[in-house]
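> Just a sequence and a predicted model for now, questions to come.
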Amino acid sequence: MLSKAASRTASTRILPLNRVANPFSRFALPSASITTTTTTTTTPTTSTSSKISLLDSVDTHKNFHFYAQHGRAPRVLVTGSLGQLGTGLVQLMRSKYGADNVIATDIKRPTREFWSTGPFMYADVLDYKGLEQIVVDNGIDWVVHLSAVLSAVGEKNPQLALNINLNGFQNVLDLAKTHQLRLLSPSTIGAFGPSTPKDSTPDTTIMRPNTIYGITKLHMELMGEYYHQKHGVDFRSLRYPGIISADTQPGGGTTDYAVEIFHSALRDNHYTSFLGPDSELPMMYITDCLRGTVELLEHPGDTLTQRVYNLDACSFSPAQLAEEIRRQHSEDFSIGYSEPDFRQAIADSWPRSIDGSQAKVDWGWNPVYDDTSKLVAEMFKQLKPLFARQTKQQPQEHEEHRHEYRPQQAVLA
Ligand SMILES: NC(=O)c1ccc[n+]([C@@H]2O[C@H](COP(=O)([O-])OP(=O)(O)OC[C@H]3O[C@@H](n4cnc5c(N)ncnc54)[C@H](O)[C@@H]3O)[C@@H](O)[C@H]2O)c1
């Protein structure tokens, strides 16, 4: 008997009207015509266009491996596609493989804007049959599993984190085994723990995480490796640092302050940080994260020496980030620090910097935003025009809510 969610998935396949239903209708490499207003990985400090194709920066030759083998683009299912990383990743993959070849799913309603860019379906990762139906009906080759409960939300609601991060992942892993799918499921620096070496933390080291998020992510890494060894599942994972994005809202992680601070700088020229001044953590600009994800996803499996890679870019503390904001944005920008809450303990258990050298050797990882100044410059380049427009459109509302953190996506949706 199908669960409620599964039967709903079965009876309501949602496809935009102009979308092609036949999954194998595209045999040619799609052209790189889709641009993004939010991303650039070329020359972060000098580029003037706000519409730069992220595809320009992706190493497209790696894509030929799948084409050479199959004579068509891969069909990709993305779970949790409406989160901080999913919207950009879907956009990037659609520009590479063709819009119809990337099936975006989530349990939330997409914006009209997102919905109009390609197929979207409801899929709860706790519903194995519902996921399986999407895989079978749509001829899926690869799954990018983004559904998760992040660190801060996980500490507040451990039961939810256990359920989504363990059971949801297990469903996707079993699906990959049954249907021979390539599976990429991101991990995190949160999989390390307080006894892990803090500087240039290598891929393989002491891992004793002390948060629910970290424990579930380490479990995910080990289960993925186990299924790879035992059942030949093509599992891949990346340990992301904190991800900084201008256009999407962070999903409740410990590094969220590093997104909030830019919005507060533009709105109030002041920010109150929930992490202390010296909490240095590894960070990454979103286009590096998305590009690295796609590069590992596309890389031929036989040249990977391991299944889980650190993904490094830069590291900074709240005080260092504030200093860079003062330098680039306004010398009057000020930062304060609230009483530390539970997120401080999470941050204290994570590395200050990670070593991504094996990713560089195995599949050519090469971050563009590899220092704080480049990342800060890009964030302001993306945010300033949007804030200017927002202030012009909603002066009254802006004034009323000026002390609230209001990420752009919520404003634009
Ligand atoms: N954003 C970061 O800084 C960061 C850092 C390290 C690792 N990661 C990892 O990257 C991945 C994506 O992160 P994100 O920041 O986009 O997360 P997010 O919290 O922004 O998005 C997660 C998405 O999962 C969806 N979801 C929740 N429950 C679900 C369910 N039952 N079924 C289907 N979907 C469900 C949510 O609706 C949401 O859209 C996660 O695995 C996360 O652990 C993120």
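Alright, I've got the coordinates.
> Can you pull the residues of the stretch 151-300 of the chain lying near the ligand?
Counting by CB under 6 Å from any ligand atom, the stretch 151-300 of the chain comes close to the ligand at 164, 168, 186, 188, 240, 242-243, 250-251, 253, 255. Just so you know, the C-beta spots here come from the backbone N, C-alpha and C atoms, and that holds for glycine as well.
> if I look at the residue of the stretch 1-150 of the chain found nearest the ligand, how far off is Gln249?
The minimum distance from the stretch 1-150 of the chain to the ligand, using CB to the nearest ligand atom, falls at Gly83 (1.9 Å). Using CB to CB, to the nearest Å, Gly83 is found at 9 Å from Gln249.
> buried residues in the biggest helix by length in the chain?
If you go by DSSP state H, the chain has its longest helix at helix 372-393. Residues of helix 372-393 classed as buried by neighbour count (16 or more other CB atoms under 10 Å): 372, 374-383, 386-387, 390.
> Redo those residues as TSV? Include pLDDT.
Formatted as TSV, the buried residues of helix 372-393 follow (pLDDT from 0 to 100):
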residue	pLDDT
Thr372	98
Lys374	98
Leu375	98
Val376	98
Ala377	98
Glu378	98
Met379	98
Phe380	98
Lys381	97
Gln382	96
Leu383	96
Leu386	88
Phe387	88
Gln390	79
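> Check which element follows the longest strand seen in the chain along the chain.
Determined from DSSP state E, the single longest strand within the chain is strand 234-240. For strand 234-240, the following helix or strand on the C-terminal side (DSSP states H and E) is strand 242-244.
> Report the buried residues of that following strand.
Applying 16+ other CB under 10 Å to strand 242-244 flags 242-244 as buried.
> Could you list the paired strands of that strand along with their orientation?
If you go by DSSP bridges, strand 242-244 pairs up with strand 281-285 (parallel).
> and the strand it pairs with, how far out from the chain's middle?
Counting by CA atoms, centre = their mean, to the nearest Å, strand 281-285 is centred 12 Å from the centre of its parent chain.
> next one: stretch 196-204
Distance of stretch 196-204 from its chain centroid, counting by CA atoms, centre = their mean, is 22 Å.
> and what of stretch 328-335?
On the basis of CA atoms, centre = their mean, stretch 328-335 sits 28 Å off its chain's mean C-alpha point.
> I'd say Asp141 and Gln69 touch.
No - with contacts counted by CB atoms under 8 Å, Asp141 stays clear of Gln69, the gap being 10.2 Å.
> quick one: which of those two has more around it?
A side-by-side neighbour count of Asp141 and Gln69, using other CB atoms under 10 Å, places Asp141 first with 21 against 10.
> For the stretch 1-150 of the chain, which segments count as helices?
Ranges of helices in the stretch 1-150 of the chain, per DSSP state H, counting those that start in this stretch, are 4-11, 64-70, 86-97, 112-115, 128-137.
> now those as TSV including distance to the ligand and mean pLDDT?
Shown next, in TSV, are the helices of the stretch 1-150 of the chain (distance: least, CB to the nearest ligand atom, whole Å; pLDDT from 0 to 100):
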stretch	distance to the ligand	mean pLDDT
helix 4-11	9	36
helix 64-70	23	83
helix 86-97	5	96
helix 112-115	11	94
helix 128-137	9	98
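> out of those, nearest to Val233?
Val233 lies closest to helix 128-137 among the helices of the stretch 1-150 of the chain, at 13.9 Å (CB to CB).
> In the closest one, which residues are buried?
Within helix 128-137, the residues that count as buried by 16+ other CB under 10 Å are 128, 130-135.
> which residue packs closest to the residue of the stretch 1-150 of the chain closest to the ligand, ignoring adjacent ones?
In this structure, Gly83 finds its nearest non-sequential neighbour in Gly251, 5.1 Å apart by CB to CB, 6 or more residues apart in numbering.
> so who does that neighbour touch?
The contact partners of Gly251, by CB atoms under 8 Å, 6 or more residues apart in numbering, come to 83-84, 150, 153.
> Report the two of these separated the most.
Gln84 and Val153 (12.3 Å).
> more crowded one of these two?
Higher neighbour count among Gln84 and Val153: Gln84, with 26 against 18, using other CB under 10 Å.
> secondary structure class for the residue nearest to the more buried one when sequence neighbours are not counted?
Spatial nearest neighbour of Gln84, chain neighbours left out: Thr248 (4.7 Å); criterion: CB to CB, 6+ apart. Here Thr248 is recorded as coil under DSSP: H, G, I helix; E, B strand; the rest coil.
> you'd agree Thr248 is up against Ser81?
No - using CB under 8 Å, Thr248 is not in contact with Ser81; the gap is 11.3 Å.
> can you list residues touching both of these two?
Both Thr248 and Ser81 are contacted by Thr87, under the criterion CB under 8 Å, 6+ apart.
> Between the two, point out the one with more neighbours.
Neighbour totals were compared for Thr248 and Ser81, and Ser81 leads with 26 against 21 (other CB under 10 Å).
> Quick check on the residue nearest the centre of the chain: phi, psi?
Nearest to the mean C-alpha position of the chain, by CA atoms, centre = their mean, lies Leu85 at 2.9 Å. Per-residue torsions, Leu85: phi -90, psi -30 (degrees, to the nearest 10).
> Go ahead and confirm it touches Asp288.
No - judged on CB under 8 Å, Leu85 makes no contact with Asp288 at a distance of 11.7 Å.
> quick one on the thing from earlier: angles on the backbone of the nearest residue to the residue nearest to the centre of the chain once chain neighbours are set aside, please.
Nearest residue to Leu85 in three dimensions, chain neighbours excluded: Leu146, at 5.9 Å (CB to CB, 6+ apart). When read as degrees, to the nearest 10, the backbone of Leu146 gives phi -110, psi -10.
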